[in-house]
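A.B. asks: Got a predicted structure here, sequence first:
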Amino acid sequence: MLRVFIILLSCLFYQNYAKADNLIVITNGSITGTNGQQSKIFSDFLILNNYKTETKITNQNCALAKLLWESNNDKKIMLISHGIDGLTDPNNKACFLDIKNNEIIFWIYTTPYYFCSTGRKTWNDFSTPNTSNIVAIHPENKSVELFEHFSRKFKNTIKVVKVNTSSIVLTMAKAEEIDFAFRSGIFDLEAFKDRCIWSSIKANNLTTLPEIAPELNSKATSFSVNGYFIARNLDQKDLSKIIPILKQAWNSSDMLQIHKRRGYDNLLVDFNNEQEYKNRLIQLIEILKND
């Protein structure tokens, strides 16, 4: 009798497992980084909802992320950090993905770049003629161009250092190798606590880039990181099942702790019904146009 029960139970398990939808979740982040942590939370919720989910984290190897995205016909979603990810950089031929609007399915967060001092230097110190400062930035050309603009405007010397991760920036700040940093996700880091001077877009009651440099108003939103999912090989039926699961994960306590810690604007990306969901995606697409 016990043997028959085990066989029946095995058959039932096999049937349920076979019915599970297969889905690959990709992120170009690191295992311990914010995107890696978020991808795991999203994957866990998908698994709880009967998705056979395989998570692939490329540890900032954007060429590998692109390869995973473009290979085979598996159903897949990928977490994009638009603004600092090589996957969104047209100048990075090995990694760039020409993301279509209809591939964007879920807005996860938005966060500004912060301009912060590593010590006692102020904006007045930075903007004084004939001075010299070193600024750590994301590895991208648009920030280089911004500080070239400031250098011409203030008639001083500004050296930028492209750095991949916030942890390395923190180490450089503690070693006094840089004077300022202009990056996302540094507002609450120890070395910059209470030393942030302005942000690219409105955040934490700081002065904004358009206020300190009105001539750059139209470029302000390009200095923000927008996290979102893109989808491939998913039809409308798939999306109608997946999007509520993604929102469930997005509202989980673990996810909200990450967003609070990193200063992500959940209010901006939240939605309560299908029309609000569509409006949010339109809003995100408008922001991305300025990048």
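C.D. replies: Arrived safely. Residues are numbered from 1 along each chain as shown.

A.B. asks: Residue 94 reaches residue 63, doesn't it?
C.D. replies: Yes - between residue 94 and residue 63 there is a contact under CB atoms under 8 Å: 4.6 Å. C-beta coordinates here come from the backbone N, C-alpha and C atoms, glycine included.

A.B. asks: what do these two both touch?
C.D. replies: residue 86 (CB atoms under 8 Å, 6 or more residues apart in numbering).

A.B. asks: what helix or strand does the most centrally placed residue in the chain sit in?
C.D. replies: Nearest to the mean C-alpha position of the chain, by CA atoms, centre = their mean, lies residue 81 at 3.1 Å. Assigned by DSSP states H and E, residue 81 belongs to strand 76-82.

A.B. asks: And that strand, what does it pack against?
C.D. replies: Helices and strands touching strand 76-82, by 3 or more CB pairs under 8 Å, 6 or more residues apart in numbering; DSSP states H and E, are strand 21-27, helix 34-48, helix 62-70, strand 224-232.

A.B. asks: what about 10 Å?
C.D. replies: On a contact count with 3 or more CB pairs under 10 Å, 6 or more residues apart in numbering; DSSP states H and E, strand 76-82 meets strand 21-27, helix 34-48, strand 51-57, helix 62-70, strand 104-117, strand 224-232, helix 236-250, helix 274-289.

A.B. asks: Let's have those in CSV, adding distance to residue 139.
C.D. replies: Formatted as CSV, the helices and strands packed on strand 76-82 follow (distance: least, CB to CB, whole Å):
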stretch, distance to residue 139
strand 21-27, 18
helix 34-48, 16
strand 51-57, 19
helix 62-70, 11
strand 104-117, 13
strand 224-232, 13
helix 236-250, 28
helix 274-289, 19
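
A.B. asks: Deepest in the core, which of the ones you listed is it.
C.D. replies: strand 104-117 (a mean of 24; mean count of other CB atoms under 10 Å).

A.B. asks: Paired strands for that one, with orientation please.
C.D. replies: Strand 104-117 pairs in its sheet with strand 180-184 (antiparallel), strand 196-199 (antiparallel), strand 224-232 (antiparallel), by DSSP bridges.
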